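Chemist: Build me a model:
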Amino acid sequence: MNPIIKYLAKNKVPEDPLVVRRLRARAASFTIIDRQLYKRGFTMPYLKCICPTEAKEVLFEVHAGTCDNCQGTTSFAFKILRQGNYWPTMKEDAKELVRKCDTCQRHGNLIHVPIEQQTAIFRVCPFFQLGMNILGPLPMAKGQKKFLLVSIDYFTKWVHDSKDTKIYWKRKKDFGQMSCPMCYGRITRLHENRPGKHHFRLTFGMEAVVSVEILSETGRMKVKQPDDTGTRGELDLLEEVREKAAIKMMVYKRRVVGYFNWRVNPRIFQSGDLILRDAAATGHSSTKLEPNWEGPYEVIRSLGKEAYSLKDMRGRPLDRPWNAEHIKRYY
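Modeler: Have a look, this model is predicted:
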C-alpha cells in the first residue's frame, strides 16, 4: 500500500512506465481522508485500509474474540468487510487463520474425496468372473452360524451361498473353488455394465425365448423360425461377438477409472506429522454438536498401503494402525 500512499500524497511514481501505468489504475480506487487511506468499495462507500499489525488483531477479534464465530473463509472475509476494514491479502489471511484454528479443525467437515487411484480388473477371457460378498454378523442361527458367503456368476447370475461361524481366508478360498472352479482366482465386484449384447446371447449364442412366445406364436416367432443350421452358425460366430463385448467392457471400465482417478486427492504423511482422526471411525457414540475429528496424534511411521502407525501426545502408541482415509493433517 505504500506506493499508492506516496502517489496520492506526494505524486511520486516509479521510473518504469509499465509500473506507473498499473499504479495509476489501482490508485483510482483509493483516496486519502484526514491522512488515512481508504478504498472505495461496493459493500460500503469507504473501506479503511489497515496495516499488517492491525490486520492480525482484527482477524483474531472477529474470529475468536468477544463475539467469536467459527466460520468459513469467504464468510469470514465478508464479515471483516462489513466492519469497514480492508487490506490486499485479507481473504488469504482469513483462510490461513481458519485452517490453523483448533476449533475449526475439530469441527471441520468429513473428507469424502478418494485418496488412492482405482484399479480396474480386466478378465483374461469373457465369462471368467465371479462376484463374492460377505454378509454379517447376522442373528445367531443353528450351529452358531452368523455369517453368509454369497457368490454370483457374472453373466448367468447363478447364485451359491454358504453359512459359517467365522470368516477367514482359507474358508473364502475353499468356497470360491466350490462355487465356480473355472472362475476362482478372478473374483471381482459384481458390476453391471453395457457390453452391447444381452447376457443370454453372449452365453448361449442366441436370443432368449420364453415359453409363452412358443405357445402363443408371437410375431417374433413367426418372423424368425428356429433353424438348426442357423443356430449352429451362430455358435461358430459367437467367439467374435464375445470378443467385441469384451473390448466394449474394457473401454467402459477405463472410462470409469479415469473419472474416478480425476477426483483422487492423495494424503501423504511423514514421521512426526500431527494429525486428527475421524471420531466416527473410532466407534465412539457421538452427537451432532460434538467434534467430527479428535486428537491431535503424531505419526510414528508409514506401514504402506496408506496405513500409518500413530501415538498420542503422551507418547503411547495406539492399539491399531489407521488408514489415511480416516485422518487429516493438524496445523
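Chemist: show me what contacts D273?
Modeler: E298, V299, R329 (Cβ atoms under 8 Å, 6 or more residues apart in numbering). (Each C-beta comes from the backbone N, C-alpha and C, glycine too.)
Chemist: which ones among those residues are found in helices?
Modeler: Judged by DSSP state H, helices contain none of the contacts of D273.
Chemist: a markdown table for these, including distance to N323?
Modeler: Formatted as a markdown table, the contacts of D273 follow (distance: Cβ to Cβ, whole Å):
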| residue | distance to N323 |
| --- | --- |
| E298 | 17 |
| V299 | 13 |
| R329 | 15 |
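Chemist: Relative to L59, which of those is nearest.
Modeler: R329 (21.4 Å; Cβ to Cβ).
Chemist: now for the host helix or strand of K6, which elements pack on it?
Modeler: In this structure, K6 sits in helix 2-10 according to DSSP states H and E. If you count contacts as 3 or more Cβ pairs under 8 Å, 6 or more residues apart in numbering; DSSP states H and E, helix 2-10 packs onto helix 17-27, strand 30-33, strand 36-40.
Chemist: Name the next helix or strand following the one helix or strand E96 maps to along the chain.
Modeler: Per DSSP H and E, E96 falls inside helix 90-100. Using DSSP H and E, the helix or strand that follows helix 90-100 towards the C-terminus is helix 102-106.
Chemist: tell me the mean pLDDT for the lengthiest strand in the chain?
Modeler: For the chain, the strand with the greatest residue count under DSSP state E is strand 293-304. Averaging pLDDT along strand 293-304 gives 89.
Chemist: what packs against the helix or strand following it?
Modeler: Sequence-wise, the next helix or strand downstream of strand 293-304 (DSSP H and E) is strand 307-311. Counting by 3+ Cβ pairs under 8 Å, 6+ apart, the packing neighbours recorded for strand 307-311 are strand 274-278, strand 293-304, strand 322-323.
Chemist: buried stuff in strand 307-311?
Modeler: By neighbour count with 16 or more other Cβ atoms under 10 Å, strand 307-311 contains the buried residues Y308, L310.
Chemist: quick one: average confidence on that strand?
Modeler: So the average pLDDT for strand 307-311 ends up being 91.
Chemist: Give me the residues contacting that strand.
Modeler: 269, 275, 277, 297-303, 317-318, 321-324, 327.
Chemist: Output it as PDB, nothing but the C-alphas.
Modeler: Written as PDB, here are the backbone C-alpha positions of strand 307-311 (Å, rounded to 0.1, in the frame of the first residue of the first chain):
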ATOM      1  CA  ALA A 307      -1.700 -47.100   6.600                       C
ATOM      2  CA  TYR A 308       0.100 -45.300   9.500                       C
ATOM      3  CA  SER A 309       1.100 -46.100  13.000                       C
ATOM      4  CA  LEU A 310       0.100 -43.300  15.500                       C
ATOM      5  CA  LYS A 311       0.800 -42.300  19.000                       C
END
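Chemist: angle of it against strand 274-278?
Modeler: Relative orientation of strand 307-311 versus strand 274-278 (axes from the mean of the first three to the mean of the last three Cα atoms, to 10 degrees): 110 degrees.
Chemist: quick one on the thing from earlier: and K146, which of the helices and strands packed on strand 307-311 is closest to it?
Modeler: Here strand 322-323 is closest among the helices and strands packed on strand 307-311 (Cβ to Cβ), at 26.0 Å.
Chemist: Direction included, what does that closest one pair up with?
Modeler: Paired strands of strand 322-323, with direction, are strand 307-311 (antiparallel) (DSSP bridges).
Chemist: could you check the angle strand 293-304 makes with the partner strand?
Modeler: Going by the same axes, to 10 degrees, strand 307-311 makes 130 degrees with strand 293-304.
Chemist: Off-centre distance for strand 307-311?
Modeler: Centroid separation for strand 307-311 versus its chain: 21 Å, with Cα atoms, centre = their mean, to the nearest Å.
Chemist: now swap in stretch 274-287 and tell me
Modeler: Centre-to-centre, stretch 274-287 and its host chain are 18 Å apart (Cα atoms, centre = their mean).
Chemist: Mind listing residues that contact that stretch?
Modeler: 105-106, 110, 269, 290-299, 308, 310, 322, 326-331.
Chemist: and K253, that one's in a strand?
Modeler: No - K253 is assigned helix when assessed by DSSP: H, G, I helix; E, B strand; the rest coil, not a strand.
Chemist: For the stretch 51-200 of the chain, give me the ranges with low pLDDT.
Modeler: By pLDDT under 70, the weakly predicted segments of the stretch 51-200 of the chain are 67-68, 122-129, 153-200.
Chemist: Could I get the full set of helices for it?
Modeler: For the stretch 51-200 of the chain, applying DSSP state H, counting those that start in this stretch gives helices covering 52-64, 73-82, 90-100, 102-106, 169-179, 199-204.
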